[in-house]
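[1] next one to model:
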Amino acid sequence: MLFYVVLLVAVALERLAELVVARRNLAWSRERGGVEFGAGHYPVMVVLHTGLLIGCLVEVLALHRPFVPALGWPMLAVVLAAQGLRWWCISTLGRQWNTRVVVVPGAPRITGGPYRYFSHPNYVAVIAEGIALPLVHSAWITALVFTVLNAALLRTRIHTENAALASLT
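    Model prediction:
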């Protein structure tokens, strides 16, 4: 159980590091006339992702979810792979990466790194992590609830992002 708490804290710290990078990149984008799209759904995203971490901990503690090695170890590998993909996205987008949808007029659309394979690789990481992180310690209710709510949010988010990206061409 202690290992799982440490894992959740590590993921939370990683999210805080992302927010530091995002804040810096947001300032850079705004200095260059960056325009934000879909600001209304951003608070929902923050609550949902915070809820994932809280749900993982609460479900495991309250419902005494066991660590099942045959499930937990592969799910941990998926979580680690998702983090790798997420940071590949962040490093590929550089200053253009943000937790918000911000477009800098005249900026080129990034088509390298994981973006050469599919349009929204960061969301692949989010989906994988949302399923795998709870399942590391058998928190299947959290995995299910987050996945359903995240699917609804991603529908809006991807539509917003595609509209924003279309403005680059």
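[2] C-alpha only now, for contacts and for neighbours.
    Fine.
[3] so what pLDDT did Thr169 get?
    We have a pLDDT of 61 for Thr169.
[4] list the helices and strands the longest helix along the chain packs on?
    For the chain, the longest helix by residue count, based on DSSP state H, is helix 2-31. Judged by 3 or more C-alpha pairs under 8 Å, 6 or more residues apart in numbering; DSSP states H and E, the packing partners of helix 2-31 are helix 42-62, strand 101-103.
[5] need the ones you listed in a markdown table with mean pLDDT, distance to Pro69 and mean neighbour count, can you?
    A markdown table is the format used below for the helices and strands packed on helix 2-31 (pLDDT from 0 to 100; distance: least, C-alpha to C-alpha, whole Å; neighbours: other C-alpha atoms under 10 Å):
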| stretch | mean pLDDT | distance to Pro69 | mean neighbour count |
| --- | --- | --- | --- |
| helix 42-62 | 97 | 15 | 16 |
| strand 101-103 | 95 | 38 | 24 |
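[6] now distance to Arg155 too, for these, in TSV please.
    Shown next, in TSV, are those (distance: least, C-alpha to C-alpha, whole Å):
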stretch	distance to Arg155
helix 42-62	12
strand 101-103	14
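[7] next, the buried residues of the longest helix of the chain.
    With burial defined by 16 or more other C-alpha atoms under 10 Å, the residues of helix 2-31 counted as buried are 4, 7-8, 11-12, 18, 21-22, 25-26, 29.
[8] and the residues you listed, which two are the farthest apart?
    Using C-alpha to C-alpha, these reach their maximum pairwise distance at Tyr4 and Ser29, which is 36.6 Å.
[9] Leu85 - how many residues pack around it?
    By other C-alpha atoms under 10 Å, 20 other residues sit near Leu85.
[10] so, low pLDDT: which residues of the protein?
    Scanning the chain for pLDDT under 70 picks out 169.
[11] tell me which residue is most central in this protein.
    Val126 (4.1 Å; C-alpha atoms, centre = their mean).
[12] and the next helix or strand past the helix or strand hosting it?
    Here Val126, judged by DSSP states H and E, is contained in helix 121-135. As assigned by DSSP H and E, the chain's next helix or strand after helix 121-135 is helix 140-166.
[13] export stretch 84-102 as CSV, just CAs?
    Extracted C-alpha coordinates of stretch 84-102, given in CSV (Å, rounded to 0.1, in the frame of the first residue of the first chain):
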residue,chain,number,x,y,z
GLY,A,84,7.0,8.7,-21.2
LEU,A,85,4.6,9.5,-24.0
ARG,A,86,3.3,12.6,-22.2
TRP,A,87,6.8,14.0,-21.8
TRP,A,88,7.6,13.1,-25.4
CYS,A,89,4.6,15.2,-26.4
ILE,A,90,5.7,18.1,-24.1
SER,A,91,9.3,18.1,-25.4
THR,A,92,8.1,17.8,-29.0
LEU,A,93,5.8,20.8,-28.7
GLY,A,94,8.3,22.8,-26.7
ARG,A,95,7.0,26.3,-26.0
GLN,A,96,3.7,25.5,-27.8
TRP,A,97,2.7,22.8,-25.3
ASN,A,98,0.2,23.8,-22.7
THR,A,99,-2.5,22.3,-20.5
ARG,A,100,-4.8,24.9,-22.0
VAL,A,101,-5.6,25.2,-25.7
VAL,A,102,-3.6,28.2,-26.9
